[in-house]
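Asks: Quick one, structure for this:
(2 chains)
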Number of protein chains: 2
Amino acid sequence: MLTVYNSDSLIVCQGCNAGTFQYNEDMKIKTTEHYNRIIQGATAILLTEGLAAFSTTKVAKHIQMAQSNIYVYFKNKDDLLVSVFRYHQKKYIQFLVDRIDLSLPPTDALKNLVSTLDEFHSSDKESLDVIWSIRQSTTLRQLIPKVSDDQIFIAIFQWLKDLQHQGTVRQLPLMYLTNLVFSAIIDYFQLIDSKEMSPNELAIEEIVPPLSALLFV
Amino acid sequence: MLTVYNSDSLIVCQGCNAGTFQYNEDMKIKTTEHYNRIIQGATAILLTEGLAAFSTTKVAKHIQMAQSNIYVYFKNKDDLLVSVFRYHQKKYIQFLVDRIDLSLPPTDALKNLVSTLDEFHSSDKESLDVIWSIRQSTTLRQLIPKVSDDQIFIAIFQWLKDLQHQGTVRQLPLMYLTNLVFSAIIDYFQLIDSKEMSPNELAIEEIVPPLSALLFV
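Replies: Prediction:
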């Protein structure tokens, strides 16, 4: 494990494999730079070719770096993919933290959540696609952080739990209810992105009433 | 395109690439047998390793067949994956056709659909996993048959359309509503299969009321 003394160190080098590196000032910069270049390249390959066709060979070629160099930073392909997930998940969580307001009345908070995800989809579709495609993989799903590992998701769960105690939210496992709400939103984006449906046929705000019906009693 | 005179010919050889083969009685048997062996092997690799790690090299090794032989039947990896999808989708559709009853009152028909998918999940989880993982891939999604290509899905759409005219089903695009219902059911299976939730915490029948609330007005 390589430790990089950098404000972003824990994220930047989570899962880094230092190999035979010796730490020095020069190395510090080179490491972060290379690490980020690999993450960007891997993101590009994942999004253009899909998980099925993803390989470190393609990433190396895309960023014009020796493939062996990728393995200095990542143990294997899965480790690289999990790090790509963490990188985008971090951006996603920060976006949510800055905008979500759970102090609103329940239906307004749901509206706010839906429009926040819509904003994120518009401003950073790439990150959302990466997060979703990796979460859908049965094998990778087991390697990525659980939703319960992060403060914002814990807060959303607690909010729903409190509303269940008040009898406002349906008495079903929160794990299932939250999955359902996120799937409903992601389904919408997928149909829009694949052009199977246009925003004229269904505006994002229009999914709030069926979601309210599903979630609230 | 190789034509095999077999009751199952259209399915068996959809996408077959005959290469330099000459048709003869011996070939007919060999072809169907090999084709099925490749489909089975590809299914096994897809389910154990996931889309990300899928390769024809692994399939060839698994079924102890020369990799070049796979390319006699399938143009490339995507062609093989689409054929694997078609194979499992055919089983899935037959299962639905035999059990779904859209003449029931709306909520009962929804219950019947949920329990039919649950039965299929219990009896042929493998096919459901294949269908789902391929449908989730942005690249492969564009190569597989659309839901509107099949009679049973057309019937489900028509049923919902009629109920919309009667004012029973929410006035939202059917493309979105059907996606939502199937996602809700698949989300349930995924949480059960990954052991993130147990059937004791949530029985499949318990997802019918929130789905009814979402679908019906």
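Asks: So for A:Ala44, what's the nearest residue that isn't a sequence neighbour?
Replies: A:His62 (6.1 Å; Cβ to Cβ, 6 or more residues apart in numbering or on different chains). Quick note: C-beta positions are derived from backbone N, CA and C, even for glycine.
Asks: give me the element the one you found is part of.
Replies: Per DSSP states H and E: A:His62 is located in helix A:56-63.
Asks: Ok, A:Ser122 next?
Replies: helix A:106-123.
Asks: when you scan that helix, is anything in it near chain B?
Replies: No - judged by Cβ under 8 Å from any Cβ of the partner chain, helix A:106-123 makes no contact with chain B; its nearest approach is 13.4 Å.
Asks: Just name whatever secondary elements that helix is in contact with.
Replies: helix A:77-99, helix A:125-136, helix A:174-193, helix A:208-215 (3 or more Cβ pairs under 8 Å, 6 or more residues apart in numbering or on different chains; DSSP states H and E).
Asks: Give me the neighbour count for the residue lying closest to A:Leu51 once chain neighbours are set aside.
Replies: Computed as Cβ to Cβ, 6+ apart, the closest residue to A:Leu51 that is not its neighbour in sequence is B:Ala52, at 4.2 Å. By the criterion of other Cβ atoms under 10 Å in any protein chain shown, B:Ala52 has 21 neighbours.
Asks: Then A:Pro145?
Replies: Neighbours of A:Pro145 (other Cβ under 10 Å): 12.
Asks: and what of A:Asp108?
Replies: 12.
Asks: Could you report the pLDDT at it?
Replies: The score at A:Asp108 is 96. That number is its pLDDT.
Asks: cool, A:Ile38 as well?
Replies: 96.
Asks: so which strand or helix has it?
Replies: helix A:25-49.
Asks: which residues touch A:Ser123?
Replies: A:Phe95 (Cβ atoms under 8 Å, 6 or more residues apart in numbering or on different chains).
Asks: gap between it and A:Ile152?
Replies: Separation of A:Ser123 from A:Ile152 (Cβ to Cβ, to the nearest Å): 18 Å.
Asks: still on that earlier bit, the helix holding A:His62: how far from the chain's middle?
Replies: 22 Å (Cα atoms, centre = their mean, to the nearest Å).
Asks: I'd like the average pLDDT over stretch A:54-68.
Replies: Mean predicted confidence for stretch A:54-68 is 94.
Asks: should've said stretch A:152-164
Replies: 93.
Asks: Excluding residues flanking it in the chain, which one is nearest A:Gln89?
Replies: Using Cβ to Cβ, 6+ apart, the nearest residue to A:Gln89 is A:Ile131, at 5.8 Å.
Asks: And for that neighbour, the neighbour number?
Replies: Neighbours of A:Ile131 (other Cβ under 10 Å): 21.
Asks: Kindly report the domain assignment for chain A.
Replies: Here the domain assignment for chain A is A:9-75, A:101-215, based on automatic domain parsing.
Asks: Dump these into TSV; add distance to B:Glu196 as well.
Replies: Formatted as TSV, the domains of chain A follow (distance: least, Cβ to Cβ, whole Å):
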stretch	distance to B:Glu196
domain A:9-75	21
domain A:101-215	6
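Asks: how many neighbours does the closest residue to A:His88 other than its chain neighbours have?
Replies: Leaving aside its chain neighbours, A:His88 sits nearest to A:Ser127 (3.8 Å; criterion: Cβ to Cβ, 6+ apart). If you count neighbours by other Cβ under 10 Å, A:Ser127 ends up with 21.
Asks: so A:Asp187 sits right up against B:Leu180, yeah?
Replies: Yes - shown here, A:Asp187 and B:Leu180 form a contact pair, counting by Cβ atoms under 8 Å, at 5.9 Å.
Asks: What lies in contact with the helix holding A:His62?
Replies: By Cβ under 8 Å, 6+ apart, helix A:56-63 touches A:37-38, A:40-42, A:44-45, A:49, A:66-67, A:69-71, A:74, A:77, A:80.
Asks: thinking again about what came up before, hang on, the residue nearest to A:Leu51 in a strand?
Replies: No - counting by DSSP: H, G, I helix; E, B strand; the rest coil, one finds B:Ala52 to be helix, located in no strand.
Asks: contacting residues for it?
Replies: Here B:Ala52 is in contact with A:51-52, A:54, A:77-78, A:81, A:137, A:139-140 (Cβ under 8 Å, 6+ apart).
Asks: And these, which is closest to B:Gly167?
Replies: Checking the contacts of B:Ala52 against B:Gly167 with Cβ to Cβ, the nearest one is A:Ser137 at 41.0 Å.
Asks: Now do the same contact list for A:Ala66.
Replies: A:Ala60.
Asks: now with 6 Å?
Replies: For A:Ala66, the contact set (Cβ atoms under 6 Å, 6 or more residues apart in numbering or on different chains) is empty.
Asks: Also the one 4 residues further on?
Replies: The contact partners of A:Ile70, taken as Cβ under 6 Å, 6+ apart, are A:38, A:56, A:60.
Asks: could you redo the last one with a cut-off of 7 Å?
Replies: The neighbourhood of A:Ile70, defined by Cβ atoms under 7 Å, 6 or more residues apart in numbering or on different chains, consists of A:38, A:56, A:59-60, A:80.
Asks: got the residues of chain A near chain B?
Replies: When proximity is defined as Cβ under 7 Å from any Cβ of the partner chain, chain A approaches chain B at A:50-52, A:54, A:81, A:136-141, A:170, A:172-173, A:175-176, A:179-180, A:183-184, A:187-188, A:191, A:194, A:196-197, A:201-202, A:206, A:210, A:213-214.
Asks: Filter these down to just the buried residues.
Replies: A:50-52, A:54, A:81, A:136-141, A:170, A:172, A:175-176, A:179-180, A:183-184, A:187-188, A:191, A:196-197, A:202, A:206, A:210, A:213-214 (16 or more other Cβ atoms under 10 Å in any protein chain shown).
Asks: how far away is A:Asp98 from chain B?
Replies: 27 Å (Cβ to the nearest Cβ, to the nearest Å).
Asks: do A:Thr57 as well
Replies: For A:Thr57, the distance to chain B - Cβ to the nearest Cβ - is 12 Å.
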